[in-house]
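[1] The following block contains a protein sequence and its predicted model.
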Amino acid sequence: MGVKAVAFDIADIAGFLQEMLGQKLVAYIAGVSDPKTVGNWVRGEQAPRTEADHRLRTAFQIFHLLQGEESPHTLRAWFVGLNPQLDDDTPVDALRQGRAKDVLVAARAYIAGG
């Protein structure tokens, strides 16, 4: 995992992702049914479970990897769009399924122009 994802507090990561992707999408990636849970994480009122924490940190890392290439709006579209590198799944679906390495490969392929 990238240095940025490890160095940041999960509340900051959840807040960043909420701002960039929206609360519902962050909840979906994390695997929680109630989007309000993300707000609780942002405010530090509770912490995500280990699996959700890992998914959020991975999404954060991927967002920052791609951020130098595209605008936040385009990156949001990338996260929810069908991706041939992921067998036509979306990156958010793949993250929710625990396929972090596959999404990282897809992000690197996107940067490389593939």
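    Done, it's in.
[2] which residues touch Val42?
    Listed by Cβ atoms under 8 Å, 6 or more residues apart in numbering, the contact partners of Val42 are 11, 14-15, 18. (Glycine included, C-beta is placed from N, CA and C.)
[3] after the lowest-mean-pLDDT helix or strand in the chain comes which helix or strand?
    Ranked by mean pLDDT, DSSP states H and E, the weakest helix or strand in the chain is helix 3-7, scoring a mean of 57. Using DSSP states H and E, the next helix or strand after helix 3-7 towards the C-terminus is helix 10-21.
[4] Between helix 10-21 and the helix or strand just after that following helix, find me the angle.
    Downstream of helix 10-21, the next assigned helix or strand under DSSP H and E is helix 23-30. For helix 23-30 against helix 10-21, the angle by axes from the mean of the first three to the mean of the last three Cα atoms, to 10 degrees is 120 degrees.
[5] What is the distance between helix 23-30 and the centre of its chain?
    Remark: helix 23-30 is offset 8 Å from the chain centroid, using Cα atoms, centre = their mean, to the nearest Å.
[6] tell me which strands and helices it is in contact with?
    Judged by 3 or more Cβ pairs under 8 Å, 6 or more residues apart in numbering; DSSP states H and E, helix 23-30 is in contact with helix 10-21, helix 36-42, helix 50-67, helix 72-80, helix 91-96.
[7] Return the most buried member of those.
    Of the helices and strands packed on helix 23-30, the one with the most neighbours on average (mean count of other Cβ atoms under 10 Å) is helix 91-96, at a mean of 22.
[8] Mind giving me the packing neighbours of that helix?
    Applying 3+ Cβ pairs under 8 Å, 6+ apart, one finds that helix 91-96 contacts helix 23-30, helix 50-67, helix 72-80, helix 100-111.
[9] can I get those in JSON lines with distance to Lys36 and mean pLDDT?
    Below are the helices and strands packed on helix 91-96 laid out as JSON lines (distance: least, Cβ to Cβ, whole Å; pLDDT from 0 to 100):
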{"stretch": "helix 23-30", "distance to Lys36": "8", "mean pLDDT": "97"}
{"stretch": "helix 50-67", "distance to Lys36": "14", "mean pLDDT": "94"}
{"stretch": "helix 72-80", "distance to Lys36": "21", "mean pLDDT": "94"}
{"stretch": "helix 100-111", "distance to Lys36": "25", "mean pLDDT": "95"}
